[in-house]
Structure formats: C-alpha cells, structure tokens
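Starting from these lines, generate the structure:
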Amino acid sequence: MKPKAANKPLSSADERFPFHYGGEADQYTFYRIPKRMFDDPMLKQLSTDAKVLYGLMLDRMGLSLRNGWFDEEGRVYIYFSVEEIMAMLGCANAKCTKLLQELDSENGIGLITRVKQGLCKPDVIYVHKCINRISESNARTFENQISGGLKSTSQGISKSNANDNYINNTYFSDTESIFSERAEPMGERMRQRERYKEMVLENIDYDILKEEPKLDREQLDEIVELMVDTICTTQEYIIIGGDKKPAEVVKSQFLKLDAGHIQFVLDCLKENTSKVRNIRKYLLSVLYNASMTIDNYYSALVNHDLYGG
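As a prediction, this is how the structure comes out:
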C-alpha cells in the first residue's frame, strides 16, 4: 500500500539530502556490528559507543588481511591509534580511553587484547570473536602469551614486510578431509558444527532468504554447507584463489557474511558466463572476497541502471 501524498509536495530540491530511488541504498559502504552485541545477555550490557568501536575494529581487520598483519600463530592483529579512534567517534581522549578499557581483557569484557609496543608506537590490538565468552583467566593467559612472543619478536612485527606472511606446509585442499583425525571426538565436533551452522543461518537470515522466489534453494543450501565446513575445519591454512590463508582469518570472514553477501554470491554464480572447473574453489574465493567486493559490484549496477551501460 503506497503512502498518502503529503499536504506539501515532496521535492528533493527542498531537502538537504536527496531521496533514494530504486536500489540506490545499496551503493553505500557500511560498518557492521554483530547482532550478538545486542542480543547476548552479557554483551548487550556494553555501552552503545563501545559496540560501535568494536564494529570499527572488525572493519579494520580487512586492512590487516590486505597487509598481512598476522602473528606467528596466524592470529590477526590491527593497529588503531587513540588519535584515530577519537577522530572517528568525535570524542575526547578520556572517553576513548574509557571505551578501550570497556572492551579490553585487562579492565573490561575481554573482546580485545592490547599489547603495548612502546617508543610512541600504537598498541597492537587483537580483536577477539564475540561468539564464545572468554573467561578473565583465559584472557590474561592469552595476553601474557602474546606479550611474551612480541617482546622477543617486537622488531618482527614493526619491521616485517606487509606481504611477508608466515606459512607452514599444512593447508586445506580439495583432497583433504574437512576434519582432522587428531581433532576432538566426533560427537563434540558434530555438536560444534551444529552450533556454527545455527550461527551461519542466523547471520544470513536464512529463513527469510530461502523464501525469495527467484533464489535457487539448492545452491543456497550448498553455500551454507560449504561455509560451515570451512568454519569448522581443523586445518591451519585454506587455499583461497591460489593463496594460502590462515584458517582463522577465513573463518572470521565467513562469520561476517550476511544475507546481502549471500545474495551477491548467488548473483555472481548466475551471471558468470565462463566455465567453472572447480565450483568449490570458485565459491570459496567469492565468499571470502564478498565483503570487500560487494560495494563496487552494486555501485556498478546502480550506475548501469541510472546512466545506461
């Protein structure tokens, strides 16, 4: 049902910001905050500003992926100086410090671990997953482990080449089992897999997405299973587009995907005209890069619709 016309005709010329037409809202780049931050009984106690800061830090992970900022165990870290945070949130130093303390493992909830480098260098920040609750003792142990490793390899982080990633000989390939024999018992693995599957289904709004009339339900289910298999792998590295990526990095990317990203992947499958020899490799690559390429893809579509192509 269309809204009734207002007494005064609506005109974009009278507005400070113009109206949206068609699919123009898809042209923006978004900062995303996990739904869990508002639904989880523990996480929802965080201040709104702290949740926003956590979302900004998750966005910074993309920069870390591009620059190869991983430690020796493949854990991703970010650089996010106090000055940058103050500028982005429009807050004073005291407020910024309070928000960081609210998130960190020493004074707050434990969603980040900060490791000081000294010599006026910004802290190395490890952004924890908001999936599992980390106990205070585990967070402190994790911080001590990182701190000890960084003290002995501080020059390695600050001076290492951005593309000089640590890689060993273990990685995820098409011929290897998704689960390692040395992993935990099968029962626990299956329970963990079900938990992650529920999380993926929630993240992508599966119940809503599957009702789309033009959507290929079989393809959607295959994508979900591939995502869950990848997230649950016990391998240390996964091949994406011919490159070996730390499995934890790939898992993090997959857990950030939402309904829009899945629709984007399905559109890519539909519009691809070349023969795909290995559909599994192709899907892994498109899923991994979805969050970084979706904005350009839909911007191009909007421009094509508006101005012709």
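
ok, which stretches of the stretch 201-309 of the chain are strands?
237-240, 243-246 (DSSP state E, counting those that start in this stretch).

Can you add distance to residue 199, mean pLDDT and mean neighbour count and give these back as a markdown table?
Yep, even glycine has a C-beta here, placed from its N, CA and C like the rest. Shown next, in a markdown table, are the strands of the stretch 201-309 of the chain (distance: least, C-beta to C-beta, whole Å; pLDDT from 0 to 100; neighbours: other C-beta atoms under 10 Å):
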| stretch | distance to residue 199 | mean pLDDT | mean neighbour count |
| --- | --- | --- | --- |
| strand 237-240 | 19 | 88 | 20 |
| strand 243-246 | 20 | 88 | 19 |
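
right, and those - which one's nearest residue 48?
Among those, the nearest to residue 48 by C-beta to C-beta is strand 243-246 (31.8 Å).

quick one: the helices in the chain?
36-39, 48-67, 82-89, 93-103, 136-152, 154-159, 186-203, 206-209, 217-231, 247-255, 259-271, 279-307 (DSSP state H).

Export these as CSV, with columns for mean pLDDT and distance to residue 128.
As requested, the helices of the chain are arranged in CSV below (pLDDT from 0 to 100; distance: least, C-beta to C-beta, whole Å):
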stretch, mean pLDDT, distance to residue 128
helix 36-39, 89, 12
helix 48-67, 90, 10
helix 82-89, 92, 17
helix 93-103, 93, 9
helix 136-152, 49, 8
helix 154-159, 45, 19
helix 186-203, 82, 16
helix 206-209, 87, 26
helix 217-231, 89, 16
helix 247-255, 88, 11
helix 259-271, 85, 22
helix 279-307, 68, 19
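
Comparing the ones you listed, which comes out most buried?
Each of those was scored by mean neighbour count; the highest is helix 247-255, a mean of 20, by mean count of other C-beta atoms under 10 Å.

what's the angle between that helix and helix 186-203?
40 degrees (axes from the mean of the first three to the mean of the last three C-alpha atoms, to 10 degrees).

Which strands or helices does helix 247-255 pack on?
Helix 247-255 is packed against helix 48-67, helix 186-203, helix 217-231, strand 237-240, helix 279-307, with contacts defined by 3 or more C-beta pairs under 8 Å, 6 or more residues apart in numbering; DSSP states H and E.

Mind doing that once more with 10 Å?
Contacts defined by 3 or more C-beta pairs under 10 Å, 6 or more residues apart in numbering; DSSP states H and E place helix 247-255 against helix 48-67, helix 186-203, helix 217-231, strand 237-240, strand 243-246, helix 279-307.

Take the strands of the stretch 201-309 of the chain and write them to TSV, including distance to residue 57.
Below are those laid out as TSV (distance: least, C-beta to C-beta, whole Å):
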stretch	distance to residue 57
strand 237-240	23
strand 243-246	18
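
looking at those, which is closest to residue 221?
Smallest distance to residue 221 across the strands of the stretch 201-309 of the chain (C-beta to C-beta): 21.1 Å, for strand 237-240.

hang on, residue 220 packs against residue 207?
No. Counting by C-beta atoms under 10 Å, no contact exists between residue 220 and residue 207, whose distance comes to 11.5 Å.

on that earlier part again, could you save the helices and strands packed on helix 247-255 as TSV and add columns showing distance to residue 129?
Shown next, in TSV, are the helices and strands packed on helix 247-255 (distance: least, C-beta to C-beta, whole Å):
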stretch	distance to residue 129
helix 48-67	10
helix 186-203	11
helix 217-231	11
strand 237-240	17
strand 243-246	14
helix 279-307	16
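
Residue 24 is nearest to which of these?
Across the helices and strands packed on helix 247-255, residue 24 has its closest neighbour in helix 279-307 (5.9 Å, C-beta to C-beta).

if we can go back for a sec, looking at the strands of the stretch 201-309 of the chain, spot the one closest to residue 254.
Nearest of the strands of the stretch 201-309 of the chain to residue 254, taken as C-beta to C-beta: strand 237-240 at 10.0 Å.
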